[in-house]
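# Return a 3D structure for these sequence lines:
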Amino acid sequence: MELDKILEKRRSIRKYAKGDKVTPELVKDLVTAALEAPSWKNTETARYHVVLSPEKIEALRGKAFGTWNQQCTENVQALVVSTFVKDIAGYQKDGTPDNELENGWGIYDAGLQNSVFLLKAAEAGIDTLVMGIRDASAIRELLEIPENEVILSVIALGERAETPDRPHRKNPDQILKFH
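Residues are numbered from 1 along each chain as shown. You can find the predicted model right below:
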């Protein structure tokens, strides 16, 4: 599938159908593609914690999500917690920051990887929802995520039960400035 078609097709899905397309092999393919994204000094600090077990998915939904995200993730086949290892991207080997963004580079790099992850999922016919409203402490405890990783988002994976309309997008002239 061409990139333009993937971009047109991909949506944030908030209603999932029951299904079984998400497998460990598929998730590994998505992460493999994500690793092709650029990162600060090629540090590749993004990490993915994948929950495939229905029981663990329900535990995560119940303890780490509010009512809205619980509703939006009914029937998901996987939940992927996106993190990055702090104090590496954007830092010198002696620990001094390269510039004022400091750990912002870890967030930036993980965002680049997540974007590739989402597009690769769409190419594979898997739908996604990126959720930033979550309880990081509950996620860390449930999944035993180390303290040196910053929890960014949770990505739901599954098959859409409905296709939402394409949201309005700004016109390039609204955001583009040539100097």
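
# okay, CA-based contacts and neighbour counts for the rest of this
OK.

# what sits against the nearest residue to K41 once chain neighbours are set aside?
Computed as CA to CA, 6 or more residues apart in numbering, the closest residue to K41 that is not its neighbour in sequence is A89, at 7.3 Å. Shown in contact with A89 (CA atoms under 8 Å, 6 or more residues apart in numbering): S39, W40, K41, T43, E44, T45, E102, N103, W105, G106.

# So the last one is in contact with V85, correct?
Think G106. Yes. Using CA atoms under 8 Å, G106 is in contact with V85, at 7.3 Å.

# Might you list the low-confidence residue ranges for the chain?
Confidence mapping of the chain against pLDDT under 70 gives the ranges 1.

# Ramachandran coordinates for the residue nearest to V81 when sequence neighbours are not counted?
Nearest residue to V81, sequence neighbours excluded (CA to CA, 6+ apart): V154, at 4.4 Å. Backbone torsions for V154, taken as degrees, to the nearest 10, come to phi -120, psi 130.

# correct me, but I126 touches L157?
Yes. If you go by CA under 8 Å, I126 and L157 touch, sitting 6.5 Å apart.

# Need the overlap of contacts for these two.
V22.

# so how far is I133 from K9?
24 Å (CA to CA, to the nearest Å).

# contacting residues for S12?
Neighbouring residues of S12 by CA under 8 Å, 6+ apart: D127, T128, L129, V130.

# Next: S153.
Counting by CA under 8 Å, 6+ apart, S153 has contacts V81, S82, T83, V130, M131, G132, I133, R134.

# Strands of this protein, residue ranges please.
With DSSP state E applied, the chain shows strands at 16-17, 46-51, 78-85, 127-131, 149-160, listed in chain order.

# Identify the single longest helix in this structure, thanks.
Counting by DSSP state H, the longest helix found in the chain is helix 104-123.

# Neighbour count for G106 and V85, which is higher?
G106 (27 against 21; other CA atoms under 10 Å).

# nearest spatial neighbour of the more buried one, skipping sequence neighbours?
G106 sits nearest to A89 (CA to CA, 6+ apart), 5.2 Å away.

# Quick check, A17 in contact with E159.
Yes. Using CA under 8 Å, A17 is in contact with E159, at 5.6 Å.

# Could you name every residue contacting both of these two?
Both A17 and E159 are contacted by V76, under the criterion CA under 8 Å, 6+ apart.

# So for these two, which sits in the more crowded spot?
E159 (22 against 14).

# Now do the contacts for that one.
Y16, A17, K18, G19, K21, V76, G125, I126, D127.

# which among these gets closest to D165?
D127 (14.4 Å; CA to CA).

# how near is that closest one to W40?
D127 is 28 Å from W40, by CA to CA.
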